[in-house]
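> whatever this is, show me its structure:
(chains A and B)
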Amino acid sequence: MRLLNHLPRKGIFIIAILLPALRSLAQTATKPDHFFHPAFGTLGMLLLLVSIMLLAVLYLKSKANQYISTNTHKKDPKEDEQFSNYIRNLNSEQIDAILTYNRRKKQGNPGGNSDSKNRLLPIFLLLPASLFSVSLLAQGDQNSSASPFTQTGIIITITLLVIPVLAGIILMIAKVSRLLRNSRERRKMEEADRLANYLSNLPDQESLFKLEKRKQALEFRLSNNELSGNLPAEDEKGIINNAGRASALTFVAIKKKAVKRPNIDPELSKLILWYIGTATFWLLFGTTVGEYLGIKFVAPDADHISWLSFGRLRPVHTNAVFWGWASLAMLGLGYYVVAKVSNVKMVGIKRGWWALILINAAVVLGSICLMAGINNGGGEYREYIWPVMLLFGIGLVLTLINFIQTIARRETKEIYISNWYIVSAIIFALVISIVAYVPSWQDGLGETIVQGYYMHQGVGMWFMLFTLGIVYYFLPQQLNQPIYSYSLGILAFWTQILFYTLIGSHHFVFSSIPWWLQTVAIVGSMGMVIPVVAGTTNFIMTFRGSWYNVPGSYTLPFFLVGVIFYFTGSMQGTAEAFRSTNLIWHFTDFTVAHSHLTMYGIISFLVWAGIYALIPRLTGKEPPQITVGAHFWLALIGLLFYTVPLMYGSTLKGIMWKEGKPFIDGVVFMAPYWLWRAIGGTLMWTSHLFFAYNLYKMLAGKDDIDVKEIAIKKIQGNLDPLKPIA
Amino acid sequence: MEWFDNYKKLFTTAFLFFTGLTILVAIIPAINNQVNNAPLPNALPLSEEAAKGKAIYIANGCVACHTQQVRNVDMDKAWGTRPSIAADYAGIRRTDFWRNTATLMGTERTGPDLTNIGNRQPSRDWQLVHLFNPRIVVPESIMPAYPWLFEIKAEPSGNEVLVSIPEAYLRGKAGKVVASPKALQLVAYLQSLKQTKLPDGTPAPEFLYKKTQKQTTGAAQAQTLDGAALYATNCQTCHQASGEGLKGAFPPLKGSAVVQNDNPELMVNIIMNGYSAREKEGFAAMPPVGTNNNLTADEIAVILNHEKSSWGNNARQVTAEEIQKIMDALKQRAKP
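Residues are numbered from 1 along each chain as shown, chains lettered A, B, ... in the order given. Predicted structure coming up:
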């Protein structure tokens, strides 16, 4: 019915007329079962016809009454009141016309005529038609299969008979309506005549004066300098800065520059830049490996070298982007945030350097080991053997000492929420690693239970928690307004711990780990709605009233995309955990798409946002806007090209598995989706080249020559006029 | 809150909260499983050769694409006769000083599940050819090739295992392909991957989410079975989609006298009991695919009819009843 409403009414009418006939044709095609009494159909049809007629009669009667009453209508005694009401609602042009008329009349030259021909759409004709069509349609639906009228011939005859009857009724109604409308219009015309008469003979000078005043009032306009006056503006307090001048159309939008801030401890600054720099190296390395792996799905014989075979390279990719890229970048940003929100200098820069070296060493050694075929035994994300992971762990312990000592010396009373998230993330990451690498509970299925716990806590308690801490600092700072609700952030913090800790085993739904543990994981996954919705609400509401900042900033789009993926990616995780969805999606590439939506869409985008917000303020150098734009769009579009086809294809593949199709059919089926993945991956990889270039520009780029600055220096004689500027 | 303004209290609370939950949902269940499960009584420990093969399996990250778990859902029936249970993994302990336990259950099934591959594809020759380059036997496969597990020798010594590889896959190198000890160990591991039978009287856990099909009679069911799909699942990896087999490794079914024979008895016998009569010609022994994969008479009948009517073959079509009779007779004969 809803769909039909969108069709033109006339169309409905025709369809409605034809529908019963069509239905009847269909009925004869499939022999009806005699469920209803034959008489029922006939009776219903007759009743309906009668009621339509009755309705038509009632409608016509009421119309006729209206007609009679309008024609016998006498002159309203309150007409003068009505006229003064009309006068009050005149606009200035109309008043002008009256005044002109009155002025001319005094000069003895009245003129002007009224033209008020009304053209009404013949919509009236269609409205009842559509009403009829609706009732007919309803009849068509109710008209059940079995009646003696199932005989096609009879049905058609009746329909043919009904058509002219209905058409007659409709015509009659239309005619009456028009009659009524004509009379109403005539009445209005008469009233207009009287009003014109009244206006042309306005009684006294006073009312003309009133009209004049009214006209002036209506024509009042602001001069636009009521507040400023006529003198040119003078900025005595130096409030206006960076006043731009509209020039030629710019190809690349000019975004807001980073605001100059008090200088940051150069020691800390250097450390942070090294963290971010090495992180960027691992991003390039890890995603180059990832890109190659994606290509291998399309070209499995790309090489035959053992060190580069798929099974060995896959963990190289995942671990390099986890422990190399995301972890180092987060820690680098953390070094800034923890000290900044505590309002003290970072403690233990030296330990920071050691942590940096240890973590980088872990990723270097880990990658070499994996390629050489030395791994921990197959659990995802704990492929590094324990001596390698131990280096990473020591790095975290050193960082934890630094952060806690810094917080202990803070000058603020409260511990800002960012530090809750960041420090807890480090503590939890250490707990997780210890649980994952201590062998006491890893025999048999113990390994699987710990694996489910570890891989998911690694994502949720290390990456997500830490990144949220970063966002709680940088997002309000970039928007220049406080976080929407501090308490929502705290709610999200505790509920994240409560629910996230439970959900690990949802990677092993339907496996031989205890059924109750799987159920706990599924329930926990549903509970994750609370922290995710709380967090997303908090961030989106922090944007409120500042949306205009987004197009003018090159960091906020990264935050926005990250926050959106935080919501969609996490909710997708909840949806994936159900048993019903596991039936289709488990073991397919859907998981791969999901982990990229989250680890890339959430973590990487938010980390990039933080890096673009922080580095210019450490170095005083801005990245080129065009390459930031290229980075953003290639990463976003690449991610969508990567994930959407993969999710679509793997859903269908899961259904094929369920239907019991041969396994190899699923492999053949996925080929085009794997190709799309490789294309999306290429775009993502290209965006990282742009990011690396931007980072280089922020670190070592040359500043644009500031003509004013140079000129001043020249005046001061600090600069030799002939010497080129470096 | 004052409590949260004290960093020691705040972070200790968070730590204890998280660790407490960790103990409840990870450590206690893990220890519980470790203590309360033992390997099945008739489970065979890995042979020395197979254990070395498992190390190769781990080193090359095969778990990235191959699971080793038959879930208790209906679609996983293709991978094993029963769902995997905790006892199946109970015997797996820490690999060595450097490496953790490797249950190798996996989380991705880009390739087939291997829980029961020792039963589903026991042929060593097939596994070796497939490892050298999977596309020799499965043209659509995207599995990596492992040629570094093989050597190409001009004159192999008598006790070395030769693998018959089509020339196109030798990349211009001349000589005989010989399986290295590593390749043989890996295959030994794959051959050892067999689901252990539950002790007599123990009911196997059920496969859940069964397809809600109306129970139909044998004949009607046979009509719904797809011979080509069953052939693809059970036979195609050796005999190929073209029915031409693989020269020097797997005999063709196209134009085969056995397939063309109007009496299906020998064919059913081969499917149910395996076949090694043509090893002298260089063909690999055929495993008892029908027995290994629990094929029913209906399924065998449609597979036979597919083979008997494809690739130019034109033999008499068989019925499920006929096959059932032969299968019963074979079982009778097998009994001592």
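> which stretches of the stretch 1-150 of chain B form strands?
Taking DSSP state E, counting those that start in this stretch as the criterion, the stretch 1-150 of chain B carries its strands at B:150-153.
> what residue in it comes nearest to chain A?
Per C-beta to the nearest C-beta, residue B:61 is where the stretch 1-150 of chain B lies closest to chain A, at 2.8 Å. Quick note: C-beta positions are derived from backbone N, CA and C, even for glycine.
> got a pLDDT number for residue A:550?
Predicted confidence (pLDDT) for residue A:550: 89.
> residues in contact with it?
A:543, A:556-557, A:560 (C-beta atoms under 8 Å, 6 or more residues apart in numbering or on different chains).
> what's the answer for residue B:137, then?
B:126, B:129-130, B:237-238, B:240, B:246, B:250.
> picking up where we left off before, now the contacts of residue A:550: which count as buried?
A:543, A:556-557, A:560 (16 or more other C-beta atoms under 10 Å in any protein chain shown).
> ok, so of those residues, who is nearest chain B?
Looking across the buried ones among the contacts of residue A:550 and measuring by C-beta to the nearest C-beta, the closest to chain B is residue A:543, at 26.3 Å.
> quick revisit: which ones among the contacts of residue A:550 map onto helices?
Counting by DSSP state H, the part of the contacts of residue A:550 found in helices is A:543, A:556-557, A:560.
> list, out of those residues, those positioned next to chain B.
Near chain B, taking C-beta under 8 Å from any C-beta of the partner chain as the test, no member of the ones in helices among the contacts of residue A:550 is found.
> from those, which two are the most distant?
A:543 and A:557 (11.6 Å; C-beta to C-beta).
> does the residue nearest to the residue of the stretch 1-150 of chain B closest to chain A when sequence neighbours are not counted sit in a helix, a strand or a coil?
In space, and not counting its chain neighbours, residue B:61 is closest to residue A:311: 2.8 Å by C-beta to C-beta, 6 or more residues apart in numbering or on different chains. Of the three states, residue A:311 takes helix under DSSP: H, G, I helix; E, B strand; the rest coil.
> returning to what we had before: closest one to residue A:690 out of the contacts of residue B:137, please.
residue B:130 (42.2 Å).
> angles on the backbone of the closest residue to the closest one other than its chain neighbours, please.
Counting by C-beta to C-beta, 6+ apart, residue B:130 lies nearest to residue B:137, which is 5.2 Å off, once chain neighbours are set aside. When read as degrees, to the nearest 10, the backbone of residue B:137 gives phi -100, psi -30.
> which residues of the stretch 551-700 of chain A fall in helices?
A:556-577, A:579-585, A:590-598, A:605-619, A:625-658, A:663-700 (DSSP state H, counting those that start in this stretch).
> want to try CSV for those, with mean pLDDT as columns?
CSV is the format used below for those (pLDDT from 0 to 100):
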stretch, mean pLDDT
helix A:556-577, 94
helix A:579-585, 91
helix A:590-598, 95
helix A:605-619, 95
helix A:625-658, 94
helix A:663-700, 95
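> now the residue nearest the centre of chain B: closest residue in space, sequence neighbours ignored.
Residue closest to the mean C-alpha point of chain B, counted by C-alpha atoms, centre = their mean, is residue B:117 at 2.1 Å. With sequence-adjacent residues excluded and distances taken as C-beta to C-beta, 6+ apart, residue B:117 is closest to residue B:193, at 4.9 Å.
> point me to the residue of the stretch 201-336 of chain B nearest chain A.
residue B:232 (3.9 Å).
> pull the distance from the helix or strand where that residue lies to the chain's centre.
Assigned by DSSP states H and E, residue B:232 belongs to helix B:227-234. Chain-centre distance of helix B:227-234: 15 Å, with C-alpha atoms, centre = their mean, to the nearest Å.
> packing partners of it?
Here helix B:227-234 touches helix A:663-700, helix B:297-309, going by 3 or more C-beta pairs under 8 Å, 6 or more residues apart in numbering or on different chains; DSSP states H and E.
> what's the neighbour count on the closest residue to residue B:111 other than its chain neighbours?
In this structure, residue B:111 finds its nearest non-sequential neighbour in residue B:65, 4.3 Å apart by C-beta to C-beta, 6+ apart. By other C-beta atoms under 10 Å in any protein chain shown, 19 other residues sit near residue B:65.
> isn't residue B:65 right next to residue A:311, touching?
Yes - contact criterion C-beta atoms under 8 Å: residue B:65 and residue A:311 qualify, at 7.1 Å.
> who's in contact with residue B:72?
The contact partners of residue B:72, taken as C-beta under 8 Å, 6+ apart, are A:510, B:83, B:205-208.
> residues in contact with the nearest residue to residue B:230 once chain neighbours are set aside?
Distance criterion C-beta to C-beta, 6+ apart; nearest residue to residue B:230, sequence neighbours excluded, is residue B:303 at 5.1 Å. Neighbour list for residue B:303: B:227, B:230-231, B:234-235, B:271, B:295 [criterion: C-beta under 8 Å, 6+ apart].
> the residues you listed: which two are farthest apart?
B:227 and B:271 (13.5 Å).
> more neighbours, those two?
Between residue B:227 and residue B:271, counting by other C-beta under 10 Å, residue B:271 is the more crowded of the two (26 against 19).
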